[in-house]
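Asks: Generate a structure from the sequence data that follows.
(2 chains, ligands or ions: 2)
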Amino acid sequence: MTPAGSLLSATDLRKSYGSTPALDGASFSVHPGEIVAVMGPSGSGKSTLLHCLAGIVAPDAGTITYDGRDLTSLTDAERSALRRGEFGFVFQFGQLVPELTCVENVALPLRLNGVKRKDAERRARARLEQLEVDDVAGKRPGEVSGGQGQRVAVARSLVTDPRVLFADEPTGALDSLNGERVMELLTDAAREARAAVVLVTHEARVAAWSDREVVVRDGRSRDMEFTR
Amino acid sequence: MSIGHTLLGLLEAGPRHGYDLKRTFDETFGHDKPLHYGQVYSTMSRLLKNGLVEVDGVESGGGPERKRYAITEAGVTDVQRWLATPEKPEPYLQSTLYTKVVLALLTHRDAAEILDAQRAEHLRMMRMLTDRKRKGDLADQLICDHALFHLEADLRWLELTAARLDRLAREVRPA
Ligand SMILES: Nc1ncnc2c1ncn2[C@@H]1O[C@H](COP(=O)(O)OP(=O)(O)OP(=O)(O)O)[C@@H](O)[C@H]1O
Ligand SMILES: [Mg+2]
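Replies: Ligands and ions are numbered 1, 2, ... in the order given. Now for the predicted structure:
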């Protein structure tokens, strides 16, 4: 069953790595333009849930529906086309290509989608400006600070105007002030573009930028909408 | 927060009338808790009696709000001492929550549910503050951030307690 109006939803996901159950009946849904935080203790299955939702990891059981399509029944090629075209990703570490400059990194997803270099870099620069790091455009990732690198990564995740943004601990390596600013810029940009956001975080202050939270414990999800 | 010290501090910046003090207090610190006039008068008469302020002039028309107050030398010393003394770090909410959790365990209720409901309530408040921060000026941001860090600390305690409920149950329930 798909919750009415949701863009991406999953029901009863199960996934084991060997004998380790990572997901044990997790469900999830997000509406267009909605920011949902996925919280829970370390090892509870948050990243696995995100990877399943994004079509990076195939669940052992359960259904995933994106925009009316059954994600698990798509071919690998169809899934990766979907990821490139409609999803954006921000991860905690090591996501920028060290040999490319920051602006080339941000332009990369567009280049992979066949956008011409000039056009791609123009759009990349606009995103860098929005994330307030246009001054590092010509530098390589090794030459910028962690906070700047993370903003570049957020710029890259948004450059294709994704309909769903997947962010796994996007502020994990940042201090409070930088983390705050990245969340503000990320949520502003996502709201402006009406992108749905799946935000994995164990920090409540980061989750407080979301509209709603889901808690994962021992591979099971719980929607934290309490009716009182 | 000590209203007396706060009003004294405002007076150190320059003499003010009672109504002006209230207005400045509300604008600067009173965000969701404006002062009552009664609080201003009772505080000012106490400060007068203790020699920390003096009446600097009275506007025609009379009434307590027409008095203009000025801080005295002793008042300045008092503000200085208050500012220089750190606040006692008190665990203000934990004691209530702890009591609830222990009572739930003792009465065989679902303590995890209580913690989850509290957790959701905390996050709801944190969302509200974050939203206010997003829309507010720097003063709003600083005030909200302080509240957010405190709520976050509570929330971490809630999570830690949730993870230790089994052990706590064994310890508080008589064998
Ligand atoms: N590629 C993998 N191979 C084997 N086991 C894995 C793999 N990925 C995850 N796991 C296991 O699955 C469980 C859930 O891991 P997951 O990464 O989803 O947790 P998490 O909630 O994201 O934790 P954290 O907050 O520490 O990032 C863990 O027990 C983990 O060891
Ligand atoms: Mg993880």
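Asks: Can you tell me how far whichever residue of chain B sits closest to ligand 1 is from chain A?
Replies: Here chain B gets closest to ligand 1 at one residue, residue B:159, 12.4 Å apart by C-beta to the nearest ligand atom. Where C-beta positions appear, they are placed from N, C-alpha and C, glycine not excepted. Look at residue B:159 and chain A: by C-beta to the nearest C-beta, to the nearest Å, they are 7 Å apart.
Asks: you'd agree that residue is up against residue B:119?
Replies: Yes. Using C-beta atoms under 8 Å, residue B:159 is in contact with residue B:119, at 7.3 Å.
Asks: same question for stretch B:131-149, mean pLDDT?
Replies: In this model, stretch B:131-149 has a mean pLDDT of 91.
Asks: Same check on stretch B:36-56?
Replies: Stretch B:36-56 carries an average pLDDT of 93.
Asks: got it, and stretch A:23-40?
Replies: 95.
Asks: Then stretch A:217-224?
Replies: Rounded mean pLDDT across stretch A:217-224 is 88.
Asks: hmm, that stretch touching chain B?
Replies: Yes. Against chain B, stretch A:217-224 shows contacts by C-beta under 8 Å from any C-beta of the partner chain at A:222, A:224.
Asks: Start and end of that stretch, how far apart?
Replies: 12 Å (C-alpha to C-alpha, to the nearest Å).
Asks: Against residue B:57, how distant is the spatially closest residue to residue B:3 that is not a sequence neighbour?
Replies: Leaving out its chain neighbours, the residue that sits closest to residue B:3 by C-beta to C-beta, 6 or more residues apart in numbering or on different chains is residue B:43, at 5.6 Å. In this view, residue B:43 and residue B:57 are 19 Å apart by C-beta to C-beta, to the nearest Å.
Asks: Compare these two (neighbour count), which wins?
Replies: More neighbours surround residue B:43 than the other of residue B:43 and residue B:57, with 21 against 11 (other C-beta atoms under 10 Å in any protein chain shown).
Asks: quick one, what contacts that one?
Replies: B:3, B:4, B:7 (C-beta atoms under 8 Å, 6 or more residues apart in numbering or on different chains).
Asks: Repeat that for residue A:164.
Replies: Contacts of residue A:164 by C-beta under 8 Å, 6+ apart are A:7, A:8, A:30, A:54, A:66, A:86, A:87, A:88, A:195, A:196, A:197, A:198.
Asks: Up against chain B, what does chain A have?
Replies: A:41, A:184, A:203-205, A:207-211, A:213, A:215, A:222, A:224-226, A:228.
Asks: from those, which ones fall inside helices?
Replies: A:184, A:204, A:205, A:207 (DSSP state H).
Asks: Residue ranges in chain A under the pLDDT threshold?
Replies: Applying pLDDT under 70 to chain A flags residues A:1-2, A:94, A:225-228.
Asks: count of residues packed around residue A:148?
Replies: There are 20 residues near residue A:148, going by other C-beta under 10 Å.
Asks: Which parts of chain B are helices?
Replies: Going by DSSP H, chain B shows helices at B:3-12, B:18-28, B:37-49, B:73-84, B:94-106, B:111-135, B:138-163, B:165-172.
Asks: mean pLDDT lowest for which of the ones you listed?
Replies: helix B:94-106 (a mean of 77).
Asks: so how far is ligand 1 from residue A:150?
Replies: 17 Å (C-beta to the nearest ligand atom, to the nearest Å).
Asks: Hmm, that residue is touching residue A:175, no?
Replies: No. Using C-beta under 8 Å, residue A:150 is not in contact with residue A:175, being 11.1 Å away.
Asks: Of these two, give the one with the bigger neighbour count.
Replies: Neighbours were counted for residue A:150 and for residue A:175 using other C-beta under 10 Å; residue A:150 has more, 29 against 10.
Asks: Next, work out how far apart the more buried one and residue A:182 are.
Replies: 6 Å.
Asks: Then residue B:5?
Replies: 38 Å.
Asks: So for the two, which residue has more residues nearby?
Replies: Neighbour totals were compared for residue B:5 and residue A:182, and residue A:182 leads with 24 against 18 (other C-beta under 10 Å).
Asks: roughly how far apart are the more buried one and residue A:161?
Replies: Separation of residue A:182 from residue A:161 (C-beta to C-beta) stands at 19 Å.
Asks: Return the residues of chain A in contact with ligand 1.
Replies: By C-beta under 6 Å from any ligand atom, the residues of chain A that approach ligand 1 are A:17, A:20, A:22, A:40, A:42, A:43, A:44, A:45, A:46, A:47, A:48, A:202.
Asks: Among these, which one is most surrounded by other residues?
Replies: Neighbour-wise, those (other C-beta under 10 Å) top out at residue A:46, 28 neighbours.
Asks: if I read this right, residue A:42 contacts residue A:201, doesn't it?
Replies: No. Judged on C-beta under 8 Å, residue A:42 makes no contact with residue A:201 at a distance of 11.9 Å.
Asks: helix, strand or coil for residue A:37?
Replies: strand (DSSP: H, G, I helix; E, B strand; the rest coil).
Asks: can you pull up the bridge partners for it?
Replies: For residue A:37, the beta-bridge partners are residue A:199, residue A:213 (DSSP bridges).
Asks: and it, how many neighbours does it have?
Replies: 27.
Asks: contacting residues around it?
Replies: Neighbours of residue A:37 in contact, by C-beta under 8 Å, 6+ apart: A:199, A:200, A:201, A:206, A:207, A:209, A:210, A:212, A:213, A:214.
Asks: Mind doing that once more with 7 Å?
Replies: Contacts of residue A:37 were listed using C-beta atoms under 7 Å, 6 or more residues apart in numbering or on different chains, and they are A:199, A:201, A:207, A:210, A:213.
Asks: How about the residues of chain B by chain A?
Replies: B:117, B:120, B:123, B:126, B:127, B:130, B:134, B:148, B:152, B:155, B:163 (C-beta under 7 Å from any C-beta of the partner chain).
Asks: Now render those residues as a markdown table, adding neighbour count and distance to ligand 1.
Replies: Converted to a markdown table, those look like this (neighbours: other C-beta atoms under 10 Å in any protein chain shown; distance: C-beta to the nearest ligand atom, whole Å):
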| residue | neighbour count | distance to ligand 1 |
| --- | --- | --- |
| B:117 | 14 | 23 |
| B:120 | 17 | 19 |
| B:123 | 24 | 18 |
| B:126 | 22 | 20 |
| B:127 | 19 | 21 |
| B:130 | 24 | 22 |
| B:134 | 15 | 26 |
| B:148 | 21 | 21 |
| B:152 | 19 | 17 |
| B:155 | 23 | 16 |
| B:163 | 13 | 14 |
